[in-house]
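Colleague: Show me how the following folds:
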Amino acid sequence: MKLTSFDFHGQQRLGEMHDQDMIDLGRAHDLFLSKVTETHADTPESFPQRMIDFLEIGEKLWSYTSDLTHHVHGLLPEHSRELQQQKVLLKTTDVRVLPPVPVPPKIVCLGLNYRDHAEEARVPLPERPLLFGKPSTTIVGPEDPVVYPKISTQVDYEVELAVIIGKRGKDIAESDAFDHIAGYTVFNDISARDIQFGDKQWFRGKSFDTFAPTGPSLVFREQVSDPHNLKMELRVNGEIRQRSTTANMIFKIPQLIAFISNVMTLQPGDIIATGTPAGVGFYAKPEKRLLKPGDLMEAEIEGIGLLRNRVVSTE
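Modeller: Residues are numbered from 1 along each chain as shown. So this is what the prediction gives:
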């Protein structure tokens, strides 16, 4: 199951993509409450409409949600027309897919966490994770535009696997790390390299509005057998710029969660962007291959999804 945040007529809701349709889980819950909740005594009377609310309820809701979607799938395609009339089944053309967590409490990012990326940057491998943050205003969803800043001339891309936290925790042991993960999504860490390197620190150059495309959905952790063995790729206008695997991470996800939670409390909805492999535009040879207005970025991770965003001018 891939849990998706979407907007329908100005209202934020939760759903699951099914072929060319979106299953509205809140409406499905209202319609099938008596049929699906017999073995789910802890299910709330109303289904949450926002991802953070969903995550804060905890894992007791995950199993119910899986059963709910299976119930709807069992009615398709025979009862598609009725489900459309009841607004349980919506056309994807009638909704706007949002970032999985539209306003995350925190966005924690990793720098130089892939060996090949550190090598192309000609810097030593880090001895411990290098952390930086992005504000929540950087977050945009699939198909949303990335705005090219007026004060930069060196905008770059970075495909990354993002972890979405599902359970609050502080000083989390590596052995317990996966218990705190809700799931995963695709993350594109956009950077204004001239500002990033001119400042000699990373925050401002990576914090422009729209500089963190995320999505298209949250893929639950149980559906990803090994997050450290996923193919990943980023294309610009159809041309492959990055191609690697999450196996090349220097610091693995349990190490990252333990390291970060030693400093700060992790909360449901927090995003951890785990770093990018080689192939970013700034280090391309024989000359840099940076983004420009009009470019279409496609960031894709095996089993997680495809994230598409076009670069647009501020003018």
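Colleague: Next one: L296, what pLDDT does it get?
Modeller: Turning to L296, the model gives it a pLDDT of 98.
Colleague: So for stretch 278-288, first residue to last residue, what's the gap.
Modeller: The straight-line separation of the ends of stretch 278-288 (C-alpha to C-alpha, to the nearest Å) is 13 Å.
Colleague: which parts of that stretch are buried?
Modeller: Neighbour counts using 16 or more other C-beta atoms under 10 Å place A278, G279, V280, G281, F282, Y283 of stretch 278-288 among the buried residues. For every residue, glycine as well, the C-beta is placed using N, CA and C.
Colleague: Report how many residues lie close to the nearest residue to Y114 once chain neighbours are set aside.
Modeller: In this structure, Y114 finds its nearest non-sequential neighbour in P277, 4.4 Å apart by C-beta to C-beta, 6 or more residues apart in numbering. Applying other C-beta atoms under 10 Å, we find 24 other residues in the vicinity of P277.
Colleague: ok, and what's touching the worst-scoring helix or strand of the chain on mean pLDDT?
Modeller: Sorting the helices and strands of the chain by mean pLDDT, DSSP states H and E puts helix 25-36 at the bottom, at a mean of 84. Contacts with helix 25-36, where a contact means C-beta atoms under 8 Å, 6 or more residues apart in numbering, come from 13-16, 46-49, 64-65, 67-69, 71-72, 86-88.
Colleague: ok, 10 Å please
Modeller: Residues outside helix 25-36 that contact it (C-beta atoms under 10 Å, 6 or more residues apart in numbering) are 1, 3-4, 8, 11, 13-16, 24, 37, 40, 43-49, 54, 64-65, 67-72, 75, 82-83, 86-90.
Colleague: Kindly report the domain assignment for the protein.
Modeller: As assigned by automatic domain parsing, the chain contains the domains 2-97, 107-313.
Colleague: thinking again about what came up before, wait, which of the buried residues of stretch 278-288 is closest to G198?
Modeller: Among the buried residues of stretch 278-288, F282 lies closest to G198 (C-beta to C-beta), at 12.8 Å.
Colleague: Double-check that closest one against R193; I have them as touching.
Modeller: Yes. The criterion here is C-beta atoms under 10 Å, and F282 meets it with R193 at 4.7 Å.
Colleague: How about the contacts made by the residue nearest to Y114?
Modeller: 113-117, 120, 158-160, 232-234, 242-246, 248-249.
Colleague: Show me the beta-bridge partners of the residue nearest in space to the middle of the chain.
Modeller: The centre of the chain sits closest to T185, judged by C-alpha atoms, centre = their mean, with a distance of 3.3 Å. Under DSSP bridges, the beta-bridge partners of T185 are A162.
Colleague: Please apply the same query to E233.
Modeller: E233 has these beta-bridge partners by DSSP bridges: R243, E300.
Colleague: I'd like the distance between T245 and V263.
Modeller: Distance from T245 to V263, counting by C-beta to C-beta, to the nearest Å: 28 Å.
Colleague: Neighbour count for these two, which is higher?
Modeller: T245 (16 against 11).
Colleague: Surely the more buried one and A278 touch.
Modeller: No. Contact criterion C-beta under 10 Å: T245 and A278 do not qualify, at 11.6 Å.
Colleague: next structured bit after the longest helix anywhere in the chain?
Modeller: In the chain, taking DSSP state H as the definition, the longest helix is helix 60-75. Next in sequence after helix 60-75, counting helices and strands by DSSP states H and E, comes helix 80-85.
Colleague: Need the mean per-residue confidence for the very next helix or strand once past that next one.
Modeller: Of the helices and strands lying after helix 80-85 in sequence (DSSP H and E), the nearest is strand 89-91. If you average the pLDDT over strand 89-91, you get 95.
Colleague: tell me which residues in the least confident helix or strand of the chain are buried?
Modeller: Buried-residue list, helix 25-36, by 16+ other C-beta under 10 Å: L25, G26, R27, A28, H29, L31, F32, V36.
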